[in-house]
Each structure stands twice: as C-alpha cells, then as structure tokens.
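> for reference, the sequence and a predicted model appear below.
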Amino acid sequence: MTSHPTPPAAPRFALAWAALACILAGLTLGHPALAGQFLVSPVSDQMIAGYAFRDFAAQSLRAGDGVPLWNPYLFGGLPYVAAMHGDIFYPTAWLREVLPTDAAMTWGLILHLMLAGIGTYAFLRAVGLGFHGALAGGLAYMMSGPIAGLVSPGHDGKIFVSALLPFALLLLTRAIRDGRHWAWGMLAIVVGLGVLSPHPQLLQYLLLTAGAWALMLAFGGAGEERLARPQAVSRLGLALAAVIVGGAIGAIQYLPVSEYVDWSPRSGGKGWEHAVSYSMPIEEILNAYLPQFSGILDRYWGRNGIHFHSDYVGASVLVLAALGLGAVRGARRHLTWFWVGTGVITLLWALGGNTPFYHLVYWLVPGTKFFRAPSTIMYVTTFAVAVLAGLGTERLLLAEVNRRTLAIAGGFGVAVALLATVGFFEKMAFGLSQIPQTEGNITEGKGAVILGAWRSMLFLGAVVGIAYGVAARRITAPLAGALLALTIVADLWSVERLYFRFSPPAAVTFASDPAIEHIKQEKEPVRVIAIDLTGTGVPRDPNLAGDGLMAHGIRLAFGYHGNELRYYQELDGEARGRDQMGNPAFWALANVKYFYTTADSLPVPGARKVVGPVRNAAGSQISLFELPEAHPYAWVVPAMAKYPDQAVADAVRAPNFPVRNVAILAEDSKVAAPKLEAIPAPLAITAKVEAYGPGRATIALEAPAPAGSALVVSENYYPGWSASVDGQPVAPERANLSLMAVPLPAGARKVELSFDSPAYHTGRTVTLAALGLAVLALMAGFFVGRRHRPELANG
C-alpha cells in the first residue's frame, strides 16, 4: 500500500526565503528603477499631477518649511492638506526627504507590491497553510493585475491600501484568535496607515473585509475551533478600539478634510449615476483569464471608454483557486467558505450598476454616494482568489486533486483557445460594444486575443501538468511547489509587464523650456492658462493637460486636481466646459498674463507672442503669448457691495464686469457695504507685491487707500486666511465669488496675508497622541501576557 504524500516542510528561515521570492518577483517588473528610470507613463496620474504635488511638498520639507498648507499653483489656490494632494503623511513621504522625488515615488510603488506579497504569505501561514501554499498565494496577489496593474494609472493610494490588507487580516488573526496582545497596537498603526494612504474608498473596503474576518475569527474560527463567547465579544471590542485609535492616527489628514467638505465640489455626493460610473462590465470578468479580450491599454474597446489598469488574475492562479475549492469539505472548510463568499460578494460589488446588487450597497453602506468606480473593490476579490490558490497549491502538493477536475481544467483552456482562434470572442465583442469609435480595436486586437488565449492555456496547462506529475510521483512536492511559484510569476509577469511603463528621470521628463524660463523671470505673481488649442500637442502632455508647470513654480489658472474649491469651479465655468477661459474679465480676476499653447497665433486682439514655437519636454510644439492689459495679483477698488452668490456668478461671467471698480462680497458678510447707486470710477493706486510664497503675501500700496475701499487679491478665499493692514488685524472676505478682499481703513499702505489651518494643528496633536497610544500598546503587549493563549471551546 502506497503511503499518502506529506506536505513539504518549510525551509529554514522560511519567512526570509518568501520575502526574497517576493522581492525578486517585484523586480521582474520594476527592475528599470535600478537604472534610475521613473515609473510613470502618459496615462499615469503621477505624470500629469502626482509628481508636481509631491515635489512641491518635498521641496518645502527639505527647505525646513514643514508641510505646506496652501497650494497657490492650481485653480486660484487651494488648501494643500484639506483638499488632499496624495500621500502627504504616509511613510512614502519620508522617502522623498532622502531620495529625489521621482526615485522615491517609483520605489514607493515597487516596495508596496513586494509588501503585498510578503503580507499575504504571512497571513496564509498564520491561518495554517504550508510554505509553498502561502508563497503561491503571496505571489498570486502581489503580481496580479488588480494590484500590480495599478502602477499604470498611477493609483498609488490604491496600491498602498492593497498592501495593507493582508497585514490587517494577519494582525486580527494574531489578536483575536491567538490572543497576542502586541497585535492590538500594531493593528491600530496599520489602520492609521490606511487612513493616511489616503484612499478612503479602498480603506472602506479594507475595513469591511477586516470586520467580516474579525467576526469569523470570533464566532466561526479559522479552522474547527472557535473562541468562548465572552472572550470573542471582548476581543471584538478591542478590535473596534484599535480601529478607532487607527482612525485617530489619521486625524492630521482628515480633520482638515472634514472642514473642507462644505467647500468641495463633492459635498453632498453626486448621486447614483456618479456612484456606478466605472462599474466593471459583466463581460470583462473574462479579462481575469483572457486579458486581451477587452483590449489592453489603448486597445480597449469596452463600455468604460478607458481602461488603464489590468483585470488579469492569472490563468495559473485561477486553476489553483479552482482546485482550492475542494477544501470546502475538509478541516479548512470555514476558511474556504469565508473566502469563497468574500470573492463572490466583492465581485458582485465590483459589477456596480450592472446588477441589482449594488442598489443594496448604495443605500446601506455609508459613504457610497461619495465614491465612484465600484470596480476598485477587485483587489479584495483578487485577495480571495489568492487565498483559494494557496489552498489549491496545498491540495495539489498533497495529491488530493481529482484527475477528472484536472481534465476539466485542461479542457476549459483548450476550449477557450479554440473559440478565440475561430473568432468567437471577436463576434462577442462586436455584439457587446457600445462605443463605435473604439470598435476598430476589436478587429486590430483579434490576433492578440488568439495569442492570449493560447498563452493562458499554456500556463493553465503547466499547472495541470505539475499536478499530474505530483499525482504520478514523478515530481516531488518541494520541486512542484517551486515550479508552481515560478509558473505564477511567469504567467503574471507576461501580462503585467505591459503596464510597467517607465519614463526618463524627472529632470528629463519635466525639463524646462524657453517659454517656462520666460515666465519664471516675472518679478510679481502671474498665472498662466496652459492649453492645447490646436489638438497637435503630445497626448496627455503634463504641461498642457496637467500640472507640469506647477513643478516649475508656475501658477496655473486651471490644472488637474478634481477637488478644487467649488466657488472657483463656478468662477472658471467648470460645469460648462471652463467657458470662462476666453473671458477678459476672468483673466483680470485670475491674474492671467500668459497663454502657454500649441497655437502659433492667438485670436485675442493685442496678444503678443513672446516665445515660440519651441519644443517642450514632452515633445509638443508650443508658443507663449502675453495678454494685453495688466492683470495684477492685487488691486484696490473704491467700493464694496454684497449680493447673493448666484447673482455674483452671473455678474462675473460678463466680459465687461467692473473688476477694478468694485468688490462684491458674500451676502452673509459682516462688512458694512452701502448699496451701490452707480459703479464708481477705478482708483489710480497700484498695489505692489513685495513678498510672495505659498500661503503668504506682502502687498504695498503706492498711495494711501481711501475710506470704504478694499484690496482684492487674486487668491482663493478659504477659512484660515488672515490679514493685517499696517500691522492691525483685519478679517479677509470672500469676494467676486471665490477671491479674497481685505477691507481697508483710510490711509492704509501695507497689507500682509498669511494662511494657517487650525484643523491641521489640532489633527497633528490628535495623530501624535493616537500614534503614541498605539506604540505604547504595541510595546506593552510584548511584555504583558506573552504566554497567554486563547481559550478554545468545542462546537
């Protein structure tokens, strides 16, 4: 009688070997970073905005000025912390203090992919999987499209939270199941990192998944065991306390954000249509096995119009996950059923508005109305698949896999490949296509679909072959485990490498040009409108379609952000396609002096070309035009008036709006402003900017101001701005819908402005206190009750 195969023992220093495997796997995708390449591409948010955001803060920190609180470079100015500009307080910001910004951003992404794999390995080991099963799960998660593919659109916050998920689950397991006291403090820190990522949508998904796992640990058990009810309840209470402390760790970011809500264009949510935008189309589930089906990157033809990330989970991973389903009948049935259920529920969630299920989510889950792209929950679905793949690897190595199941899996791979070869998926795509302009991608992608189907079959077949080899005792279990790990990496690398598109270092990618150098010679603050008027610019040129000029310290009248002040959106005509871009009144209000554009001539009487045409760093041919008339940063008006916002919005859209004659304050302003019987004549007083920087300005008037006048400043008003006139404090007012006005007493000669954020300072105090509490709990846990173990109850 043949003995039953035993699982291969873990190697000595198993965690170190697993970490090394994850590091090497990450480098198969990220190795150009070793040569100094920058992990951004034209489709990346980091190219069009992220680099400028982060370099601004990095320069401030390196100069010893601390975290900037005001960003003067976009949309008339906006609060840097409150409006959110990426990972301001996440540990990746520390990298930017010791490395160049581009290198820090690149390695921040790559290191988090590696951490995702290591964390998943550690979690799977904690729930009882052997070395090879846990390693397979870790590699499957970190290299998958829904995780690794996020580098393409530059969604770093999503990658950070995806990497934190397995650590949160691991710590819950150690704390609730094993009674490890130190884990509570560490759990609070991990939750705090999730809050600071800052990606509230993916954090919500992490907390929901972690909450469900905590309940399963407390009342179901990861195996057959479960805790005594009083102990389960008390440990769930401690888990909730850890989450609350973790939330408090994020106060430095979210107290300013909560204050900003009423000023944000997203206040109140945007309704059902917004919430279900970028749902995963049902047919694109096929991309998990056949990523070429809906087209990769610019070959995409699907319903969402754009698709810069990857849905590929891996043919090898999916067949291992299918084998893992057999564990529902064994000792690990609770674990298996939990992750099967999690995978199914999160997949339905990802489909969003394409199924009725999401109506329940929309009405029952707090915060859903503020988010869009429910498909982003796919990282949890992928984690569930990775867990099942780890279980499947265990079963394969133990020769517990039914040969009939292997034959069905192999038959599936062959069937998909044959269907692709005869054009089935091409016909299916034409039947599903809803965007005629992208249907050419279906025809052009036919060959890629065929090759992709055979490629997927090859990796599926490799797993099936290894399984047959183990069953026939021709391949030892340790060798099979190593071969499976290599197969998973090769399978996922062959697709995800397409999403790792590197650019030259930032010094090259964001290099200056003669037009930029001309603007930088300005002695006083000016703004620029950057736009591709001819459509001949390089697609997604960061200087024309993003915030590239911000990286050179140039203030933009527009830009790329998405959470700018809503009053400024009304001022610039955002809802109407930014229809104020050509309005002379808007130029005057917004301090616009230049157009940086692809046009060789500007249809504005009196506009003067001062540079160009020249090539910029992206390769676009641009010219710089100076607008006629002076549009200063600050000016003195003889009178103030108060009107409702809608009336002001209508007034400032008029090309002949009397910018220099009057400041229109908000209706609820406490400033005494007599009703205007007639528009007064402008004053002949020049306001000279003596000093200027992010969140500060000193302005001198060349002549004393008359009584009842005001200094209007082309900077957005937001609570936190303070002013002094000749050393005496004066409260600035919101004027002309979005800008600032400082009421002037008779004889005023100098105005000083500064911005601060009390919410930031309060939040920093709360964050430091909460972090201190978490660290204290972590340290105390190492010394108190280290020998305690959970009391188990049968049942």
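Good, I have the coordinates.

> please name the residues that touch S757.
69, 79, 81-82, 256, 720 (C-beta atoms under 8 Å, 6 or more residues apart in numbering). C-betas here are computed from N, CA, C, even on glycine.

> closest one of these to G763?
G763 has its nearest neighbour among those in P256, at 6.2 Å by C-beta to C-beta.

> find the helix or strand that that closest one is a member of.
Element membership for P256 (DSSP states H and E) is helix 251-260.

> and for P605?
Assigned by DSSP H and E, P605 belongs to neither a helix nor a strand.

> can you check A530 too?
Counting by DSSP H and E, A530 is part of strand 527-531.

> what's the answer for A741, then?
In this structure, A741 sits in strand 739-743 according to DSSP H and E.

> show me what that strand is in contact with.
By C-beta under 8 Å, 6+ apart, strand 739-743 touches 76, 571, 589, 637, 640, 663, 665, 671, 710-717, 721, 723, 725, 730, 732-735, 751, 753.

> and these, which of them are in strands?
Of the contacts of strand 739-743, the ones assigned to strands by DSSP state E are 637, 640, 663, 665, 710-716, 721, 723, 725, 730, 733-735, 751, 753.

> show the pLDDT at the nearest residue to I189 once chain neighbours are set aside.
Closest residue to I189 apart from its sequence neighbours, by C-beta to C-beta, 6 or more residues apart in numbering: A774 at 5.0 Å. Looking at A774, its pLDDT stands at 98.

> now do the contacts for A774.
By C-beta under 8 Å, 6+ apart, the neighbours of A774 are 185-186, 188-189, 192, 242, 245-246, 249.

> in the stretch 151-300 of the chain, which spans are strands?
226-227 (DSSP state E, counting those that start in this stretch).

> V422 - how many residues pack around it?
Summarising burial for V422: neighbours were counted as other C-beta atoms under 10 Å, giving 10.

> related to what we said a few turns ago, so can I have TSV of the contacts of A774 showing neighbour count and pLDDT?
Shown next, in TSV, are those (neighbours: other C-beta atoms under 10 Å; pLDDT from 0 to 100):
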residue	neighbour count	pLDDT
G185	24	98
M186	22	98
A188	28	98
I189	21	98
G192	26	98
A242	26	98
V245	22	98
G246	25	98
I249	28	98
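
> closest one of these to A651?
Of the contacts of A774, the one sitting nearest to A651 (C-beta to C-beta) turns out to be I249, at 45.6 Å.

> so the closest one makes contact with A770?
Yes: using C-beta atoms under 8 Å, I249 makes contact with A770 at a distance of 4.6 Å.

> pretty sure A651 is touching P658, no?
No: with contacts counted by C-beta under 8 Å, A651 stays clear of P658, the gap being 9.1 Å.

> report the two of the contacts of A774 separated the most.
The largest separation in these, counting by C-beta to C-beta, is between M186 and I249 at 12.1 Å.

> who touches I529 in this structure?
Each residue near I529 by C-beta under 8 Å, 6+ apart is listed here: 556-558, 581, 592, 594-597.

> just to revisit the earlier point, centre of the chain to the strand holding A741, how far?
Relative to the centre of its chain, strand 739-743 is centred 34 Å away, using C-alpha atoms, centre = their mean, to the nearest Å.

> tilt between that strand and strand 662-666?
Interaxial angle, strand 739-743 versus strand 662-666 (axes from the mean of the first three to the mean of the last three C-alpha atoms, to 10 degrees): 100 degrees.

> within the sheet, what are the partner strands of strand 739-743, with directions?
Sheet pairing here is set by DSSP bridges, and for strand 739-743 it gives strand 710-716 (antiparallel), strand 733-735 (antiparallel).

> so for Q59, which of the ones you listed sits nearest?
strand 710-716 (20.1 Å).

> what pLDDT does E225 get?
So E225 comes in at 68 (pLDDT).

> domain assignment for this structure?
101-258+282-499, 506-626, 634-755 (automatic domain parsing).

> highest mean neighbour count out of the ones you listed?
Neighbour counts (mean count of other C-beta atoms under 10 Å) averaged over each of the domains of the chain peak at domain 101-258+282-499, with a mean of 21.

> CA-only coordinates of stretch 239-253, as CSV, when you get a sec.
C-alpha atoms of stretch 239-253 as CSV (Å, rounded to 0.1, in the frame of the first residue of the first chain):
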residue,chain,number,x,y,z
ALA,A,239,-10.5,45.2,17.6
LEU,A,240,-13.0,48.1,17.4
ALA,A,241,-10.9,50.1,19.8
ALA,A,242,-7.8,49.5,17.7
VAL,A,243,-9.7,50.7,14.6
ILE,A,244,-10.8,53.9,16.5
VAL,A,245,-7.3,54.6,17.5
GLY,A,246,-6.2,53.9,13.9
GLY,A,247,-8.8,56.4,12.7
ALA,A,248,-7.4,59.0,15.2
ILE,A,249,-3.9,58.4,13.8
GLY,A,250,-5.3,59.8,10.5
ALA,A,251,-6.6,63.0,12.1
ILE,A,252,-3.8,65.1,10.8
GLN,A,253,-5.2,64.5,7.3
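
> what's next to it, contact-wise?
By C-beta under 8 Å, 6+ apart, the list of residues contacting stretch 239-253 from outside reads 81, 84, 88-89, 172, 175-176, 184-185, 187-196, 198, 207, 214, 254, 760, 762-764, 766-767, 769-771, 773-774, 777.

> hmm, try it at 6 Å
89, 184, 187-188, 191-192, 195-196, 198, 214, 763-764, 766-767, 770-771, 773-774 (C-beta atoms under 6 Å, 6 or more residues apart in numbering).

> the helices in the stretch 651-795 of the chain, which residues?
758-783 (DSSP state H, counting those that start in this stretch).

> should've said the stretch 401-550 of the chain
Going by DSSP H, counting those that start in this stretch, the stretch 401-550 of the chain shows helices at 403-421, 424-432, 440-444, 446-471, 477-496, 506-509, 514-520, 542-545.
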